[in-house]
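Participant: Just need the structure, nothing else, for what follows:
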Amino acid sequence: MLRTSARTADRRRPTPHGSGGADLFEPSPGSGGEAATVEIAPPAPDALRITYAPQTDGDPDAGEVVWTWVPYQERDGRGKDRPVLVIARRDADHVYAVKLTSQSHDGDRDFLSIGAGAWDSKGRPSWVDVDQMYLVHRDGMRREAAALDAERFARVAALLHKRYGWALG
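Facilitator: A predicted model of the protein is given here:
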């Protein structure tokens, strides 16, 4: 399991808004601006190499489950904070990721069961959605949650390789 650094323990900071003394949170990292997490079309086969390189360093790395704001499929500006699995680096500031869900998708070809992990505080099993791809900015990550073990990551990588033709390693 990854330790969280002070930088990534929780990037939301309470700020007072309005009257009545209620503290509201700033928008979650990844929900807007240059650091927004965005859904993208899957890159061409030669444009992405799936790697496994988790590091406990406060930045999103391939093989890690990180939390970020993810837009809903309706693309109407709404979304929610959720875990994503980082599968590759695009550049110094961005990584490619696929989202996780705790909703059962047994038998659905767009999902792969990866079981439970430290990214879910309730210990629920998770599924990787291999049909949707996201670009996550390093400042759009709220926190590192855990590194997926190499065996489970290899299963995800194999399915993505078969589906999209991306290189492994």
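Participant: shaky segments in the chain?
Facilitator: Per-residue confidence for the chain (pLDDT under 70) gives these ranges: 1-33, 74-78.
Participant: If we use 50, what do you get?
Facilitator: Residue ranges of the chain with pLDDT under 50: 1-23.
Participant: those helices in it, which residues are they?
Facilitator: 150-164 (DSSP state H).
Participant: The longest strand belonging to it pairs with which strands, and in what direction?
Facilitator: Taking DSSP state E as the criterion, the chain has its longest strand at strand 79-89. The partner list of strand 79-89 in its sheet, established with DSSP bridges, is strand 64-71 (antiparallel), strand 94-101 (antiparallel).
Participant: what's the residue positioned nearest the centre of the chain in contact with, if anything?
Facilitator: Nearest residue to the geometric centre of the chain (C-alpha atoms, centre = their mean): residue 84, 2.0 Å. For residue 84, the contacting residues are 37, 65-68, 70, 97-100, 134, 136, taking C-beta atoms under 8 Å, 6 or more residues apart in numbering as the criterion. Any C-beta I mention is one placed from the backbone N, CA and C, and that applies to glycine too.
Participant: With adjacent residues omitted, what lies nearest to it?
Facilitator: residue 97 (3.9 Å; C-beta to C-beta, 6 or more residues apart in numbering).
Participant: nearest to residue 45, of the contacts of residue 84?
Facilitator: Comparing the contacts of residue 84 against residue 45 with C-beta to C-beta places residue 98 closest, at 16.4 Å.
Participant: Can you get me a residue count around the closest one?
Facilitator: Residues within reach of residue 98, counting by other C-beta atoms under 10 Å, total 21.
Participant: Phi first, then psi, for residue 130.
Facilitator: Comment: the main-chain dihedrals of residue 130 come out as phi -90, psi 0, following degrees, to the nearest 10.
Participant: Show me where this protein has its strands.
Facilitator: Along the chain, the stretches classed as strands by DSSP E are 14-16, 23-25, 38-40, 49-50, 64-71, 79-89, 94-101, 111-115, 126-129, 133-137, 141-147, 167-168.
Participant: Centre of the chain to the fifth one, how far?
Facilitator: Average the C-alpha atoms of strand 64-71, do the same for its chain, and the two points are 3 Å apart (C-alpha atoms, centre = their mean, to the nearest Å).
Participant: how about the CA coordinates for that strand, as PDB?
Facilitator: The C-alpha coordinates for strand 64-71 follow below in PDB (Å, rounded to 0.1, in the frame of the first residue of the first chain):
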ATOM      1  CA  GLU A  64      -1.400   3.300  -9.100                       C
ATOM      2  CA  VAL A  65      -5.000   3.900  -8.200                       C
ATOM      3  CA  VAL A  66      -5.500   7.600  -7.600                       C
ATOM      4  CA  TRP A  67      -8.500   9.700  -6.800                       C
ATOM      5  CA  THR A  68      -9.600  12.500  -9.100                       C
ATOM      6  CA  TRP A  69     -12.800  14.200 -10.300                       C
ATOM      7  CA  VAL A  70     -14.300  12.200 -13.200                       C
ATOM      8  CA  PRO A  71     -16.900  13.700 -15.500                       C
END
